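Enquirer: pasting the sequence and the predicted model now:
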Amino acid sequence: MQTAERLNLTFAALAHPARRAILARLATGEATVTAIAEPFEMSQPAISKHLKVLERAGLISTDVDAQRRPRKLEPKALEEAVDWIERYREIFEQSYRRLDALLEELQAKPSTRKHTTR
Amino acid sequence: MPKPAEVTLPSDREVRVTRMFHAPCQLVWDAHTRPELVRQWQSGYEGWDMPVCEMDVRVGGKYRWRWRNREDGKQFGFFGTYTEVNGPSKLVHEEYFDPGDVGGPGDIGGAMPVGDPCIVSLELSEQDGVTTLACNMTFVSKAGRDGAVSTGMTDGMEYSYGRLDNVLDGQQSGAR
């Protein structure tokens, strides 16, 4: 799968508050579907649906060998999403640093400053 | 040095960038609306020139920006129309990606939604001489947002970014 495609799945998965809450729960350790469902006012099928979305995005995995098939967090996909935001941020930050310098320059030479009405 | 830019994802179709500037609101506004000033800070991507920076900042007015790679001459850019101009606090435009000749699968622009605009809303507010900028980008779809940023836009910049990495320290003055 291409990075863009994978990120689409990751961000789609992260877009739902219940799924973020599930990830937060799994960040503390692996858990069975029943344990994951416990704090939510949601049916088990609804929870399973969310788990499926998270799993497809590679954010969690199922330990199929263990009894009761616990789910656990797969940090790599999340890291990729965080990296993506960071890269985006850095690109903006780079141009904003140049803007800082320009604004400083403009303020140092107020005589050359012209204002447009719009 | 002001606090670095913050990027958040307020919804699955949006990206929001916030940043503070130690300058009056009017000046930050000017730096976003006067082409000769825009060019000064938008043209600093290492290895890229900005041969086109045309802006007609009024409702219904158009703008066009293009960057050109110094090594291979390839270009890409953005163009669009202003839909709200309320200086010095709010500027909204519809932005289209212009893949130029850098596009191609896996290359810049590969997954960029060329036909769909992104609504870019810039809001400025000043307090005690410090201006807070909030730039909200709304894509027509979630896939549009992720595609735009993961390949089109960031890779467009990333193209030169590898080189930028090498000169990051102390390059601020050289970048202008």
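Expert: Ah, there it is.
Enquirer: where's A:Ala13, which helix or strand?
Expert: Assigning secondary structure by DSSP states H and E places A:Ala13 in helix A:3-14.
Enquirer: need the contact list for A:Thr28.
Expert: If a contact means Cβ atoms under 8 Å, 6 or more residues apart in numbering or on different chains, then A:Thr28 has no contacts. (Glycine included, C-beta is placed from N, CA and C.)
Enquirer: that one and A:Asp63, how far apart?
Expert: 16 Å (Cβ to Cβ, to the nearest Å).
Enquirer: and B:Gly77, by the same measure?
Expert: On the measure of Cβ to Cβ, B:Gly77 and A:Asp63 end up 49 Å apart.
Enquirer: neighbour count for these two, which is higher?
Expert: Shown here are B:Gly77 and A:Asp63; by other Cβ atoms under 10 Å in any protein chain shown, B:Gly77 has more neighbours (20 against 13).
Enquirer: please name the nearest non-neighbouring residue to that one.
Expert: Leaving aside its sequence neighbours, B:Gly77 sits nearest to B:Arg66 (Cβ to Cβ, 6 or more residues apart in numbering or on different chains; 3.5 Å).
Enquirer: only the buried residues of stretch B:7-14, if you could.
Expert: By neighbour count with 16 or more other Cβ atoms under 10 Å in any protein chain shown, stretch B:7-14 contains the buried residues B:Val7, B:Leu9, B:Asp12, B:Arg13, B:Glu14.
Enquirer: for it, measure first residue to last.
Expert: End-to-end distance for stretch B:7-14: 10 Å, by Cα to Cα, to the nearest Å.
Enquirer: hang on, the earlier thing: could I get the buried residues of stretch B:7-14 as JSON lines with distance to chain A, secondary structure and pLDDT?
Expert: Shown next, in JSON lines, are the buried residues of stretch B:7-14 (distance: Cβ to the nearest Cβ, whole Å; DSSP: H, G, I helix; E, B strand; the rest coil; pLDDT from 0 to 100):
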{"residue": "B:Val7", "distance to chain A": "4", "secondary structure": "strand", "pLDDT": "84"}
{"residue": "B:Leu9", "distance to chain A": "7", "secondary structure": "coil", "pLDDT": "78"}
{"residue": "B:Asp12", "distance to chain A": "4", "secondary structure": "coil", "pLDDT": "71"}
{"residue": "B:Arg13", "distance to chain A": "9", "secondary structure": "coil", "pLDDT": "78"}
{"residue": "B:Glu14", "distance to chain A": "11", "secondary structure": "strand", "pLDDT": "83"}
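Enquirer: how about JSON lines for these, with distance to A:Lys109 added?
Expert: What follows is the buried residues of stretch B:7-14, written out as JSON lines (distance: Cβ to Cβ, whole Å):
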{"residue": "B:Val7", "distance to A:Lys109": "32"}
{"residue": "B:Leu9", "distance to A:Lys109": "39"}
{"residue": "B:Asp12", "distance to A:Lys109": "44"}
{"residue": "B:Arg13", "distance to A:Lys109": "41"}
{"residue": "B:Glu14", "distance to A:Lys109": "37"}
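Enquirer: start and end of stretch A:57-70, how far apart?
Expert: First residue to last in stretch A:57-70 (Cα to Cα) measures 17 Å.
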